[in-house]
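A.B. asks: Here's my sequence, what's the structure:
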Amino acid sequence: MSIPYYVSPEQVTKDKADFARKGIARGRSVVVLQYDAGLMFVAENPSRALHKISEIYDRIAFAAVGKYNEFENLRVAGVRLADLRGYSYDRRDVTGRSLANAYAQTLGTIFTEAQKPYEVELVVAEVGETPNDDQIYRLTFDGSVADEYGFVAMGGSGEAITAGLKENWREGLTFDQALRLAVDQLAAAPVGGPAPGAEPRVLTPGQLEVAVLERDRAGRKFRRISGHRLADLFGVVDDSANAAGDPL
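C.D. replies: Reported below is the predicted structural model:
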């Protein structure tokens, strides 16, 4: 009689976590940070069709790293949940906190019950009436939620970028200052993780995806920043129309 194969729950959980972390580490990073007029999202993303940053509701946006098909499923589910709640009750009942809790439950269930966990990290951010009311929630593959202040970085170079943001971010940054800070930190961190002695890269508009939640914007607060605006700011040629469809 053969002996059933046994793996302890602790080992299964560890293997799933290691698998998810490796998948996320292969992806390009995303930075979310607060500036004087709202919240800014900056991602290294050469694709013009597959977005890592998206609007969820009036004052809420979503950013993600990892496997596109998995975080796109989560994004669509979040939009549907927000629309249903806003239609059934009131638009003010749709909050970043409620969406973050819903995502946490979904990711936690997938991590514990599915054979393969989602290889994703998410940020759900809501711009408030004042900077003190802004909310930034970071969600990891196992459903853990962290309430972040000021900024957050995800992806393969997340730790290195976070260290740079801790040194250079401050309250009240202007749009130009915040964008330069985010792009500089993304450029200084090589794809796939830190590499000793690596030179900072030069990121062009065609390699970036940028959006903001503008506090004083009438109606819906989400706005994408076009390539020519980035080109003017950095004094480079706008190559966004020729961006390649490289992996996210």
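A.B. asks: so where is the chain shaky, pLDDT-wise?
C.D. replies: Along the chain, segments meeting pLDDT under 70 span 1-4, 190-199, 242-248.
A.B. asks: how about the strands of it, start to end?
C.D. replies: Applying DSSP state E to the chain gives strands spanning 30-35, 38-44, 53-57, 60-66, 120-126, 135-139, 145-148, 151-154, 208-214, 222-224.
A.B. asks: Let's have those in a markdown table, adding mean neighbour count and distance to K14.
C.D. replies: Just so you know, the C-beta spots here come from the backbone N, C-alpha and C atoms, and that holds for glycine as well. Shown next, in a markdown table, are the strands of the chain (neighbours: other Cβ atoms under 10 Å; distance: least, Cβ to Cβ, whole Å):
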| stretch | mean neighbour count | distance to K14 |
| --- | --- | --- |
| strand 30-35 | 26 | 26 |
| strand 38-44 | 26 | 29 |
| strand 53-57 | 22 | 31 |
| strand 60-66 | 26 | 19 |
| strand 120-126 | 26 | 18 |
| strand 135-139 | 22 | 20 |
| strand 145-148 | 14 | 21 |
| strand 151-154 | 26 | 21 |
| strand 208-214 | 23 | 33 |
| strand 222-224 | 18 | 38 |
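A.B. asks: Tell me which of the ones you listed approaches V94 most closely.
C.D. replies: Of all the strands of the chain, it is strand 53-57 that lies closest to V94, at 5.0 Å by Cβ to Cβ.
A.B. asks: same for the longest helix seen in the chain, what does it pack against?
C.D. replies: Criterion DSSP state H: the longest helix present in the chain is helix 68-88. Where contact means 3 or more Cβ pairs under 8 Å, 6 or more residues apart in numbering; DSSP states H and E, helix 68-88 is packed against strand 53-57, strand 60-66, helix 96-113, strand 120-126.
A.B. asks: now the ones you listed in CSV, with distance to Y149?
C.D. replies: Output for those, formatted as CSV (distance: least, Cβ to Cβ, whole Å):
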stretch, distance to Y149
strand 53-57, 20
strand 60-66, 16
helix 96-113, 14
strand 120-126, 12
